[in-house]
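Asks: Build me a structure from this.
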Amino acid sequence: MASRDTRKSLTTTGGMGRAPNRAMLRAVGFHDDDFEKPMVGVASLFSDITPCNSHLDRLARKACEGVRAGDGVPQIFGAPTASDGIMMGHQGMRYSLVSREVIADSIEVVCGGMNHDGMVALGGCDKNMPGCLMGMARLNIPSIFVYGGSILPGTGPDGSDIDIVSIFEAVGKNQAGKLDAAGVHKIECEACPGAGSCGGMYTANTMSSAIEAMGMSLPYDASNPAVSAAKERETFLAGKQLVQLVKSNLCPRDIITRKSLENAYTFVLALGGSTNALLHLMAIAKEAQLEWTLADFDRVGGKIPHLADLKPGGKYVMNDLHRAGGTPAVLKALLEAGFLHGDCITVTGKTLAENLSQVASIYKNTKQDVVRPLSNPMHASGHLVVMHGNLAPDGAVAKVAGLKVRKITGPAKVFDGEESCFHAIQERKIQPGDIIVIRGEGPVGGPGMREMLSVTAALVGQGLGDSIGLITDGRFSGGTHGLVVGHVSPEAWVGGAIALLKNGDKVTIDADAKKLDVHLDETELNKRRSAWTVPPPREKTGVLAKYARCVKSASEGAVTC
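Replies: Modelled structure (predicted):
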């Protein structure tokens, strides 16, 4: 047990002056001896809003059992969560990235206010995972994250595996006359067969994998399926281990270092993860008081091969990786290849290398083809690239996994907001060779930096995924694929060059040269800039207005502190 002199919870419960505090805690089940034990917050992001989180209440109870078994006292509390998949394609998506900050703040408010000695956090959606990690790093009390786990694949009309992206693309096929309404309905009914996060290497699985490689969750956390006894056992052990972390005072900032961030991003690259990882890892680094910029992503990305044949650029989902050996088996292969820092400490109290010492490399399974051999990767180096140019002097991010076309020059078709672009796609006004520009969707302008999965999936469904380019100051879902560039900085709303584009301007996207340029000289750009005026805030009150006033550029992680 942690010393009575060092337990933070004694600020809440220790001494005669805290008798009223203890009286209230007795009403929720505390006994005399509980006040001698570490008090642990169990942050449950449960809600029945979305399948990603609908089972977290059950897992939270398992975490509490583990805390009790470790001789701690658990206190469950909730934090808000939102569903990217359900909010996609309409105004609700403006709240998605905002929710990351609200979750971090909520965790700080509860654990900080209660003086918890440690915390277990359980999340399953795109933004609640980095939100939890941000709160952990900010508080810097012993913490473990538990991922709710991935959903199992659905079964399509032809017997093939389908997932959430399948139904987004089915809408595009319907618009193109390739699939009737009955066909869409069949996919709609089968795409999400139960609890768990979206199955491909989209943002949820990207971030859970990054967190495991970072050392902030137990081994196999990212690949254990949501609906499995393995996930329940793991959650119990996480609660038990958290109490050990309290006793040893091993805190997030001991674990989250520049080297462990490199491990996290290396794993993202090897698995073919989402562009959102760059935003979230920068935000976590800031809360851990570490310097980490787009240049660090570029540095690591130049040397890490993309190995996993996972959706959206590939054909498999996380459940297939689980069956092939799980995330530790891939980490072991990367460690043996010299791509990871094995000496980084983790929440087990051991180093990453020690955690993996008894794990067989994924390549020992000769029957699996989910992870390509190092000699034949999906891509020889990073599938996520940081771009610069006169359209993105502060940077932009592109996902180049599975691209048939890596460079395109064409006329800009400019849209102020996602809705007008989606309407143009519905009207079949987008032609091969076009460069779609969606602006006014940045952190300030959105506000909230919406994802564009409805747009990109519709383009893929219409068969245009390989023949057009798309740039935006907004974001892309982890389910997006195609020659698309997001996070364009500075954004349009603060006068970035993307605000100056006109229909017909010639734009080049070059993934290999990492360049994003409009074919205009500085004289013309300055002329347009002098005529540009600052638009009024889109939101005047509420959380979106607060966010727009506080948020920093996407090139800094779109953080608000």
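
Asks: Where does pLDDT dip in the protein?
Replies: The chain contains residues with pLDDT under 70 at 1-5, 401-402, 478-479, 481.

Asks: buried residues in stretch 294-306?
Replies: By 16 or more other C-beta atoms under 10 Å, the buried positions in stretch 294-306 come out as 294, 296-298, 300-301, 304-306. (Each C-beta comes from the backbone N, C-alpha and C, glycine too.)

Asks: can I get the CA coordinates of that stretch in PDB?
Replies: This file holds the C-alpha atoms of stretch 294-306, laid out as PDB (Å, rounded to 0.1, in the frame of the first residue of the first chain):
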ATOM      1  CA  LEU A 294       5.100  17.600 -37.600                       C
ATOM      2  CA  ALA A 295       8.900  17.300 -38.300                       C
ATOM      3  CA  ASP A 296       9.100  14.400 -35.900                       C
ATOM      4  CA  PHE A 297       6.400  12.500 -37.800                       C
ATOM      5  CA  ASP A 298       8.200  13.200 -41.000                       C
ATOM      6  CA  ARG A 299      11.500  12.000 -39.500                       C
ATOM      7  CA  VAL A 300      10.100   8.700 -38.300                       C
ATOM      8  CA  GLY A 301       7.900   8.200 -41.300                       C
ATOM      9  CA  GLY A 302      10.800   8.100 -43.700                       C
ATOM     10  CA  LYS A 303      12.200   4.900 -42.300                       C
ATOM     11  CA  ILE A 304       9.200   2.700 -41.300                       C
ATOM     12  CA  PRO A 305       7.600   0.300 -43.700                       C
ATOM     13  CA  HIS A 306       3.800  -0.100 -44.000                       C
END
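
Asks: who touches it?
Replies: Stretch 294-306 is contacted from outside by 258, 261-262, 265-266, 269-272, 278, 281-282, 339, 374, 377-386, 395, 397, 401, 514, 555, using C-beta atoms under 8 Å, 6 or more residues apart in numbering.

Asks: wait, residue 510 sits on residue 400?
Replies: No. Contact status for residue 510 versus residue 400: not in contact, 10.6 Å apart, counting by C-beta atoms under 8 Å.

Asks: any common contacting residues for these two?
Replies: Common neighbours of residue 510 and residue 400, using C-beta under 8 Å, 6+ apart, are residue 406.

Asks: out of these two, which sits in the busier spot?
Replies: The neighbour comparison of residue 510 against residue 400 (other C-beta atoms under 10 Å) goes to residue 400, with 22 against 18.

Asks: give me every residue that touches that one.
Replies: 379, 383-385, 406, 483, 511.

Asks: Name the nearest of the residues you listed relative to residue 531.
Replies: Closest to residue 531 out of the contacts of residue 400 is residue 483 (30.3 Å), distances taken as C-beta to C-beta.

Asks: which residues sit in contact with the closest one?
Replies: Residue 483 makes contacts with 398, 400, 403, 405-406, 408, 466, 468-470, 509, 511, as judged by C-beta under 8 Å, 6+ apart.

Asks: Go again with 10 Å.
Replies: Residue 483 makes contact with 398-400, 403-408, 435, 465-471, 509-511 under the criterion C-beta atoms under 10 Å, 6 or more residues apart in numbering.

Asks: and what of residue 42?
Replies: Applying C-beta under 10 Å, 6+ apart, the residues near residue 42 are 59-64, 66-67, 74-77, 116, 118-122, 146, 239, 242.

Asks: In helices, which of those fall?
Replies: 59-64, 66-67, 239, 242 (DSSP state H).

Asks: pull the longest strand from this protein.
Replies: The longest strand of the chain (DSSP state E) is strand 407-416.

Asks: that older thread, weed out the non-buried ones from the contacts of residue 42.
Replies: Buried members of the contacts of residue 42, scored by 16+ other C-beta under 10 Å, are 59-64, 66-67, 74-77, 116, 118-122, 146, 239, 242.
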